[in-house]
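**Student:** curious how this folds, go ahead:
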Amino acid sequence: MSPEDLTGFIYKSHAAALQLAQIPTQERDSLLLELAEAIKKHKNAILEANTLDLESSRDMAVPELVLEWLKLTPERLNHAIECLKQLSSLPDPLTLHVGINGYQRVPLGVVAFVYEGFPQLGVIAAGMCLKVGNTIILKGGNEGTYTQEAIAMIARDVLIAKGFPEACITSIPKGVALKELIVQEKYLRLVIPYGRPSFVQQVSKQATVSALPTSMGNCYLYLAASGDLNLAKEIILNSRKGDPDAVNAIEKVIVHQSWLDRGFGDWMAGLKKQGLVVRGCTETTTYFRQFLEEIHSDETDKPSQALIDKSIDLEDVWGHPYLDETIAIKVVQDTEDAIAWINQYSSGHADVLLTDSLSERDRFVCRINSSTIFVNAHSRFTRCAKVGDNGNVKIALGMSSLKTRGASRYPGMIDIYALTTTKQVLTSSWVK
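**Tutor:** Numbers count the residues shown, from 1 in each chain. A predicted model of the protein is given here:
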């Protein structure tokens, strides 16, 4: 496809977006339900296409992590279907009241979702865009070609049957390089990259259109002196249960030094028993080896090397996600040290504080440079979750950071509001 042909392809999505924005909310919601039912009806065909992708990917030297993301189980597909149904029931964010002088929320237009693995996220992203009147262009990796085409064909049939423009949901044609897509400034309004940090960073740097980078892993937890060890363990384990991607996984733990005299060794041993690979700073490693030597003083074979995996003091290790079962622990002197360390090395999309001190909480919240801060609360990320006491549903594609280029536009949860913008309406006082 030549650059002119690609521009024409995206123009069709642009023209469809102009039409979609004029279609009543009720009809767009009905379309979401129809799409959910169609995907449910053709679930086996989608899973068969995914099996072909998995078999082909083994010959393409696709990383194991991406293969796990690519795997589309019935449960993962059912979750995407449920997200579409819940989206249809959410209030329309475009119906905000506009006064004499005020702002009106409007669709962005054409959104490109580029991703590694995660075929079900294409479904969720498409549903979120349709909800607010955007059209979407899907660009998955070569490893997911068959699955993406199967989903796109199902979506096309639903769009035609419901009288919507076919270009509301499209899959980028074969042979189009990603770098060619993300520079189409004339009609493309936003690109959302999703995948490994290196992939997200590459897309964000090369894109000349607005980019909304996603973040995954490398979340920090600070266990203050007045915190709770048991709650810390519970939060760490719970944060890693996201399927298939633990977006808010706690991978780094900052511990106040006072815990070294209060059951810290047993606590780390407990993390090991849960299957985590524990690493630590020099002080953490030295402490844990001494702890193991004491409790196994009568044994000739001391298991210190087996239970503390590696001392890490290299700075780049603390600033990058593991995206596996590894967790790193660092001991600090006080809260000021914890804040400075987290601000320097956290990915900046979700961090956790455990404390019973109000003043410490306020200081931490004010100074931590993260888009979402959890205080004495679980950080686990769920794309379709009930929030608040009234049972409201929150649908989110992922998380964005305060620290990445472009994220200042809409940091935090990438929900349906993140896929809109606002225009200001100014009315003269003489208009009746």
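**Student:** the closest residue to G319 other than its chain neighbours and P193, how far apart?
**Tutor:** With sequence-adjacent residues excluded and distances taken as Cβ to Cβ, 6 or more residues apart in numbering, G319 is closest to Y345, at 4.4 Å. (Each C-beta comes from the backbone N, C-alpha and C, glycine too.) Per Cβ to Cβ, to the nearest Å, Y345 is found 22 Å from P193.
**Student:** neighbour count winner among these two?
**Tutor:** P193 (26 against 19; other Cβ atoms under 10 Å).
**Student:** can you list the buried residues in stretch 248-265?
**Tutor:** 248-256, 259-260, 264-265 (16 or more other Cβ atoms under 10 Å).
**Student:** let me have those in TSV, extended by secondary structure and pLDDT.
**Tutor:** Converted to TSV, the buried residues of stretch 248-265 look like this (DSSP: H, G, I helix; E, B strand; the rest coil; pLDDT from 0 to 100):
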residue	secondary structure	pLDDT
N248	coil	94
A249	coil	95
I250	strand	96
E251	strand	96
K252	strand	96
V253	strand	97
I254	strand	97
V255	strand	97
H256	strand	97
W259	helix	95
L260	helix	93
F264	helix	91
G265	helix	90
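**Student:** just the closest of those residues to C384, please.
**Tutor:** Comparing the buried residues of stretch 248-265 against C384 with Cβ to Cβ places N248 closest, at 15.2 Å.
**Student:** for the protein, which spans come out with low pLDDT?
**Tutor:** 1, 96-101, 295-316, 386-391, 404-410, 429-432 (pLDDT under 70).
**Student:** what's the domain layout of it?
**Tutor:** Using automatic domain parsing, the domain ranges for the chain come out as 3-214+407-426, 219-381.
**Student:** out of those, which gets nearest to A396?
**Tutor:** Of those, nearest to A396 by Cβ to Cβ is domain 3-214+407-426, at 4.4 Å.
**Student:** and the strands in the stretch 51-200 of the chain?
**Tutor:** 101-107, 110-115, 135-140, 169-171, 188-194 (DSSP state E, counting those that start in this stretch).
**Student:** using JSON lines, lay out those strands together with distance to R363.
**Tutor:** Putting the strands of the stretch 51-200 of the chain into JSON lines (distance: least, Cβ to Cβ, whole Å) gives the following:
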{"stretch": "strand 101-107", "distance to R363": "34"}
{"stretch": "strand 110-115", "distance to R363": "38"}
{"stretch": "strand 135-140", "distance to R363": "42"}
{"stretch": "strand 169-171", "distance to R363": "47"}
{"stretch": "strand 188-194", "distance to R363": "34"}
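**Student:** verify the contact between A15 and A167 for me.
**Tutor:** Yes: between A15 and A167 there is a contact under Cβ atoms under 8 Å: 7.1 Å.
**Student:** the two: who's more crowded?
**Tutor:** Under the criterion of other Cβ under 10 Å, the comparison of A15 against A167 puts A167 first, with 23 against 15.
**Student:** tell me which residues touch the more buried one, please.
**Tutor:** Applying Cβ atoms under 8 Å, 6 or more residues apart in numbering to A167 gives the contacts K12, S13, A15, A16, T135.
**Student:** mind checking which of those are in helices?
**Tutor:** K12, S13, A15, A16 (DSSP state H).
**Student:** among the residues you listed, which ones are buried?
**Tutor:** K12, S13, A16.
**Student:** extract the CA atoms of stretch 364-383 and return them as PDB.
**Tutor:** Taking Å, rounded to 0.1, in the frame of the first residue of the first chain, the C-alpha atoms of stretch 364-383 are listed here in PDB:
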ATOM      1  CA  PHE A 364       3.600  10.600  50.300                       C
ATOM      2  CA  VAL A 365       0.500  11.400  48.300                       C
ATOM      3  CA  CYS A 366       1.600  15.000  47.600                       C
ATOM      4  CA  ARG A 367       5.100  14.200  46.600                       C
ATOM      5  CA  ILE A 368       4.900  10.900  44.700                       C
ATOM      6  CA  ASN A 369       4.900  11.500  41.000                       C
ATOM      7  CA  SER A 370       2.500   8.700  40.000                       C
ATOM      8  CA  SER A 371      -0.900   8.900  38.200                       C
ATOM      9  CA  THR A 372      -2.600   6.600  40.800                       C
ATOM     10  CA  ILE A 373      -1.700   6.100  44.400                       C
ATOM     11  CA  PHE A 374      -3.200   3.400  46.600                       C
ATOM     12  CA  VAL A 375      -3.100   3.900  50.400                       C
ATOM     13  CA  ASN A 376      -3.600   0.800  52.500                       C
ATOM     14  CA  ALA A 377      -5.500  -0.600  49.500                       C
ATOM     15  CA  HIS A 378      -5.100  -3.300  46.800                       C
ATOM     16  CA  SER A 379      -3.700  -2.200  43.500                       C
ATOM     17  CA  ARG A 380      -4.900  -5.000  41.300                       C
ATOM     18  CA  PHE A 381      -6.100  -3.800  37.900                       C
ATOM     19  CA  THR A 382      -9.300  -5.200  36.400                       C
ATOM     20  CA  ARG A 383     -10.600  -4.000  33.000                       C
END
